[in-house]
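Participant: Fold the following.
(2 chains)
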Number of protein chains: 2
Amino acid sequence: MTDVCVLGAGLIGGSLLRVLGPDRAFGWNRSTPGAEAATAAGFHVSTDLADTLRRAAQTDALVVVGVPLPALGAVLDAVAEHAPGIALTDVISVKRPVLDAVRERGLGARFVGGHPMAGTADSGWAATNPDLFRGATWLVAADDDADPLTWSRVARMAADCGSRVVSSTSADHDVAVARISHLGHVVAEAVAAAGARGGDLALTLAAGSFRDGTRVAGTAPDLVRAICEPNRHALVAVLDECLADLMSARDALADEGTLGPLVDEGHRARRAYEAAQAARSDSAARSDSAVSVMPGAPGWIAELRAAGAAGLEVRPSG
Amino acid sequence: MTDVCVLGAGLIGGSLLRVLGPDRAFGWNRSTPGAEAATAAGFHVSTDLADTLRRAAQTDALVVVGVPLPALGAVLDAVAEHAPGIALTDVISVKRPVLDAVRERGLGARFVGGHPMAGTADSGWAATNPDLFRGATWLVAADDDADPLTWSRVARMAADCGSRVVSSTSADHDVAVARISHLGHVVAEAVAAAGARGGDLALTLAAGSFRDGTRVAGTAPDLVRAICEPNRHALVAVLDECLADLMSARDALADEGTLGPLVDEGHRARRAYEAAQAARSDSAARSDSAVSVMPGAPGWIAELRAAGAAGLEVRPSG
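Facilitator: From the prediction side, this is the model:
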């Protein structure tokens, strides 16, 4: 059954095509070279968006929007014109702006946002990898009035990609990723810049901690901006929090010669992260620890959110 | 020839013992369990500091101070009492405070500071590894009036450990490591803390960028403080620089929706770091690119500093 239509055959969308396979997924790509690369690999990837969307509507495919956020509006305009009743999800790294754009166009009834927490510093079809999503967490949104059938389809597709599904509101997702991803991007840029300003001596003394701490500064600047800037409200808030912590440590160091409580808090935080990762590995080994939720049953959205707040995987039942 | 005496058999000192071997190195350790572990591994490691230093003086061993900075004063007091004319180096991560402490005790004539840029989040004899220094950069200080013979002994020992020797003043070293190591430690604590404050949802969404960006927050808090706090002057200055960058990005994001120039600068900086690493690998492959300097020849210290400022390896000749 050809049931998934992927719009945008870049790193994420292209990897999704590859893991689902050409019998189950087809798609569209804006640029001809990208579409040709996907076609050469055996996929039906067109550069005709209207035609692709009409085909999706005919087969009631699940449309997965995999374009960068700046291109989202134009793609959604085409969806509204050519496939307005289609089941819709996305793989964009910020969820609230996507939800707003979808609702503005009256496409919300069968929309459930998504975000696979996977990626590399590379982009484009050449970087695609059918194992990209294996073991990753895939956020499937649990917003008010979410369509149960679409939610199930998105969650099952994520599970088919080898991902574990975690759910939350779009707003909670955006705050969480500001904390665990976008802040780290901005900070890595600043740490890299401070290192390079030390010249060749500093760069030759740089060892493993600099290599790992600045890795994401190797991401293309346009991609960093496309990931972080749409989440500005959540990111400004967590930047303020981080700045306050760093300022306190700086003042304590200058005034008293000690970094203050930040070092202990940061260490406890890292241990909490490691414990969460270990618990997740144990759960995966047991494979019985996901919370089963029946989409559409009374209270199902609250159940999804409660599981997500506890960091637990969810699975559609029934 | 038993020619190296290591004071402190922890991660760095213990690894140094192991790479040099018991025929060439002996040592001292404050704690009995650590000394016993080293002894069980075939090394002569005593808990009697005075006796160990007298033995070093008798054989004119090179004494390597491998204790944490807070323990340095007591160890140097013992050196001044029991082996005042000994050749002396250290492996402590900050150089200017060590140099000051050495000179205060009149031990500067045969002292050349050192810092192998290697380590792990673990500590103690159990964490030691004879390959710890292989491929690492080992800073051998080029301060005014450095003793040429001691400089050569330290540089040769570092080379025997598989390290590449780079030279600079102690003060320049401390500014450089504030940029490429200590800043990263403080920032990683703040990023880890911001992530954990997002609760289980945030921690379960955390992927590779959070894992790598907060890795050094897993270092024991006492060790982080022992590494960073003695370098307070250089670290406060680079923290101020980093805070200014982050504040500008934060304000641009809040006011204009863009992160401003930081993303481009950070990306260029990371590329410069990667280029420096690649050039270093190429040099290692050619093995002919180190700058030869004859210790004690006219202008030798200036030559060492110039090579270090260019990020180049140096080798003692003659």
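Participant: what comes into contact with the one helix or strand residue A:78 maps to?
Facilitator: Secondary-structure assignment from DSSP states H and E places residue A:78 in helix A:72-82. Identification of contacts with helix A:72-82 by C-beta atoms under 8 Å, 6 or more residues apart in numbering or on different chains yields A:7-8, A:49-50, A:53-54, A:57, A:63, A:65, A:67, A:86, A:88, A:90, A:92, A:98, A:101-102, A:105-107. Any C-beta I mention is one placed from the backbone N, CA and C, and that applies to glycine too.
Participant: From the residues you listed, keep the buried residues only.
Facilitator: Buried by 16 or more other C-beta atoms under 10 Å in any protein chain shown: A:7-8, A:49, A:53, A:57, A:63, A:65, A:67, A:86, A:88, A:90, A:92, A:98, A:101-102, A:105, A:107, out of those.
Participant: wait, residue A:11 sits on residue A:124?
Facilitator: Yes - counting by C-beta atoms under 8 Å, residue A:124 is a contact partner of residue A:11 at 6.7 Å.
Participant: hmm, back to that, buried residues, the helix holding residue A:78. List them.
Facilitator: Result for helix A:72-82 [16+ other C-beta under 10 Å]: buried residues A:72, A:75-76, A:78-80, A:82.
Participant: quick one, what contacts residue A:246?
Facilitator: Counted by C-beta under 8 Å, 6+ apart, residue A:246 has contacts A:262, B:186-187, B:190, B:239, B:242-243, B:246.
Participant: could I get those as a markdown table with pLDDT and secondary structure?
Facilitator: Written out in a markdown table, the entries for these read as follows (pLDDT from 0 to 100; DSSP: H, G, I helix; E, B strand; the rest coil):
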| residue | pLDDT | secondary structure |
| --- | --- | --- |
| A:262 | 98 | helix |
| B:186 | 98 | helix |
| B:187 | 98 | helix |
| B:190 | 98 | helix |
| B:239 | 98 | helix |
| B:242 | 98 | helix |
| B:243 | 98 | helix |
| B:246 | 98 | helix |
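Participant: Which stretches in the stretch 51-200 of chain A count as helices?
Facilitator: Along the stretch 51-200 of chain A, counting by DSSP state H, counting those that start in this stretch, helices occupy A:72-82, A:96-104, A:148-160, A:170-177, A:183-196, A:199-205.
Participant: Can I get the third one in CSV, CA atoms only?
Facilitator: This means helix A:148-160. Provided in CSV are the C-alpha atoms of helix A:148-160 (Å, rounded to 0.1, in the frame of the first residue of the first chain):
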residue,chain,number,x,y,z
PRO,A,148,-7.1,9.9,16.8
LEU,A,149,-6.8,8.1,13.4
THR,A,150,-4.0,10.5,12.2
TRP,A,151,-2.3,10.3,15.6
SER,A,152,-2.2,6.5,15.2
ARG,A,153,-0.9,6.6,11.7
VAL,A,154,1.9,8.9,12.6
ALA,A,155,2.8,6.9,15.7
ARG,A,156,2.8,3.7,13.7
MET,A,157,5.0,5.2,11.0
ALA,A,158,7.5,6.4,13.6
ALA,A,159,7.5,2.9,15.2
ASP,A,160,8.0,1.4,11.8
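Participant: helices and strands around it, which ones?
Facilitator: If you count contacts as 3 or more C-beta pairs under 8 Å, 6 or more residues apart in numbering or on different chains; DSSP states H and E, helix A:148-160 packs onto helix A:11-20, strand A:62-65, strand A:87-90, strand A:114-116, strand A:137-141, strand A:164-168, strand A:314-316.
Participant: Out of those, the one nearest residue B:166 is which?
Facilitator: Within these, the stretch nearest residue B:166 is helix A:11-20; the backing value is 37.8 Å (C-beta to C-beta).
Participant: outside of the closest one, which residues touch it?
Facilitator: Contacts to helix A:11-20, defined as C-beta under 8 Å, 6+ apart, come from residues A:4, A:6-7, A:9, A:25, A:27, A:29, A:34, A:38, A:41, A:43, A:45, A:64, A:66-67, A:91, A:116, A:118-120, A:122-125, A:127-133, A:157, A:160-162.
Participant: Strands - which of those land there?
Facilitator: Judged by DSSP state E, strands contain the following of the contacts of helix A:11-20: A:4, A:6-7, A:25, A:27, A:45, A:64, A:116.
Participant: among those residues, who's most crowded?
Facilitator: residue A:6 (30 neighbours; other C-beta atoms under 10 Å in any protein chain shown).
Participant: check contacts around the residue nearest to that one when sequence neighbours are not counted.
Facilitator: Excluding the flanking residues, the one nearest residue A:6 by C-beta to C-beta, 6 or more residues apart in numbering or on different chains is residue A:27, at 3.7 Å. Residues in contact with residue A:27, defined by C-beta under 8 Å, 6+ apart, are A:5-9, A:13, A:17, A:38, A:43-46, A:52.
Participant: can you do 7 Å?
Facilitator: Neighbouring residues of residue A:27 by C-beta atoms under 7 Å, 6 or more residues apart in numbering or on different chains: A:5-7, A:9, A:13, A:17, A:43, A:45, A:52.
Participant: out of the residues you listed, which one sits closest to chain B?
Facilitator: Of all the contacts of residue A:27, chain B sits closest to residue A:13, with 18.2 Å by C-beta to the nearest C-beta.
Participant: what's the neighbour count on that closest one?
Facilitator: 27.
Participant: For the residue minimising distance to the centre of chain A, give its distance to chain B.
Facilitator: Relative to the mean C-alpha position of chain A, the nearest C-alpha, by C-alpha atoms, centre = their mean, is the one of residue A:115, at 3.3 Å. As defined by C-beta to the nearest C-beta, to the nearest Å, residue A:115 lies at a distance of 8 Å from chain B.
Participant: Give me the pLDDT value at the residue nearest to residue A:52 when sequence neighbours are not counted.
Facilitator: In space, residue A:52 comes closest to residue A:28 once its chain neighbours are excluded; the distance is 4.0 Å by C-beta to C-beta, 6+ apart. We have a pLDDT of 98 for residue A:28.
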